[in-house]
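Enquirer: sequence plus the predicted model coming up.
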Amino acid sequence: MIRFIIVCICVIGYLILSIPILLAEWVVGKFNRRAKDISSLRIIQTVFKFILKVTGADITIIGHENVPKDQAVLYIGNHRSFFDILLTYVLCPDLTGYVAKKEMEPIPLLSTWMRYLHCLFLDRKDIKEGMKTILTAIEKVKSGISICIFPEGTRNKGTDELELLPFHDGSFKIATKSGCPIIPMAISNSAEIFENHFPKIKPCKVVVEYGKPIYPEELSREDKKRLGAYTQGIILEMLKKNREMVE
């Protein structure tokens, strides 16, 4: 429980103490939007790295060199833990917005930071509003901001992490309409940090693997039609390969 309490203090304490930082970032953004964006990115990455250290997780990163450094991408990953965001965000080389559920938007300070970081809020119950969010994500990618989405649509709470939920095809329009590559991410054993023994946070082994970029325009017609299933298959193979590393 001690780790859980420390993490809670870190998150709540930072959100409260960061109010002056938010104001300072807002001022910087009035003069140099890029400087403000990068500053916000690095600040939150530092906070996330500290929280991950508190958890005691032994994190192995594989294939991060597959992430292009000179263009925006669409990150696609499996999702089993709240810590998936922290595990992957600390590795983003440049501006990256995450697609989050609409229910997070009313949370004070947290949602403000999320907007600073180009995060988008997806209404999963309203198809029309959901499509607007996807269109906004497409525009962000075109402007050079990467997007990360977990296309299972919700956190997978199944007992076997190899049993992935279906990937929602709408997520992949961000890549096909913007022309950016897809970076598949396989996150192994992240639920063991917290969710598998709530409310305790326990040290464990976690593997985050980045697959080679997928360029939709280079795929066969059949694979293009089933881009969600195609990407899911690649992630599943990485999860299978890395299973022994976390057992």
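Expert: Structure received.

Enquirer: report all helices and strands that the longest helix along the chain contacts.
Expert: In the chain, taking DSSP state H as the definition, the longest helix is helix 33-55. Here helix 33-55 touches helix 2-17, helix 19-31, helix 83-89, helix 110-116, going by 3 or more C-beta pairs under 8 Å, 6 or more residues apart in numbering; DSSP states H and E. Bear in mind the C-beta positions are built from the backbone N, C-alpha and C, glycine included.

Enquirer: how distant is the longest one from the center of its chain?
Expert: On the basis of C-alpha atoms, centre = their mean, to the nearest Å, helix 2-17 sits 21 Å off its chain's mean C-alpha point.

Enquirer: show me the contacts for P199.
Expert: P199 makes contact with 1, 4, according to C-beta atoms under 8 Å, 6 or more residues apart in numbering.

Enquirer: helix or strand for it, which one?
Expert: Element membership for P199, per DSSP states H and E: none, as it lies in no helix or strand.

Enquirer: with the one 3 residues further on instead?
Expert: In this structure, K202 is located outside every helix and strand according to DSSP H and E.

Enquirer: please look at it and A191 and confirm they touch.
Expert: No. Counting by C-beta atoms under 8 Å, K202 stays clear of A191, with 11.0 Å between them.

Enquirer: who has more neighbours, the two?
Expert: Neighbour totals were compared for K202 and A191, and A191 leads with 25 against 14 (other C-beta atoms under 10 Å).

Enquirer: which of the three states applies to the more buried one?
Expert: Look at A191: counting by DSSP: H, G, I helix; E, B strand; the rest coil, its state is helix.

Enquirer: pretty sure it sits against E161.
Expert: Yes. Checked against C-beta under 8 Å, the pair A191 and E161 is within contact range at 7.1 Å.

Enquirer: which neighbours do the two share?
Expert: Joint contacts of A191 and E161 (C-beta under 8 Å, 6+ apart) are R80.

Enquirer: so where's this protein shaky on pLDDT?
Expert: Nowhere does the chain drop to pLDDT under 70.

Enquirer: one more time with 90
Expert: Applying pLDDT under 90 to the chain flags residues 1, 123-130, 153-160, 168-170, 199, 221, 244, 246-247.

Enquirer: show me what contacts the nearest residue to M1 once chain neighbours are set aside?
Expert: Spatial nearest neighbour of M1, excluding adjacent residues (C-beta to C-beta, 6 or more residues apart in numbering): K200 at 6.0 Å. By C-beta under 8 Å, 6+ apart, the contact list for K200 reads 1, 3-4, 194.

Enquirer: would you list the helices and strands packed on helix 33-55 in TSV and tack on mean neighbour count?
Expert: What follows is these, written out as TSV (neighbours: other C-beta atoms under 10 Å):
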stretch	mean neighbour count
helix 2-17	13
helix 19-31	12
helix 83-89	21
helix 110-116	17
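
Enquirer: of those helices, which approaches D70 most closely?
Expert: Closest approach to D70 among the helices and strands packed on helix 33-55 (C-beta to C-beta): helix 83-89, 19.6 Å.

Enquirer: what's in contact with that closest one?
Expert: Counting by C-beta under 8 Å, 6+ apart, 44-45, 48, 51-52, 55, 57, 59, 75, 77, 96, 98, 148, 150, 185, 187, 190, 193-194, 206, 208 sit against helix 83-89.

Enquirer: list buried residues within those.
Expert: For those, a burial check counting by 16 or more other C-beta atoms under 10 Å picks out 44-45, 48, 51-52, 55, 57, 59, 75, 77, 96, 98, 148, 150, 185, 187, 190, 193-194, 206, 208.

Enquirer: tell me the contacts of W26?
Expert: K36.

Enquirer: how near is it to K101?
Expert: 25 Å (C-beta to C-beta, to the nearest Å).
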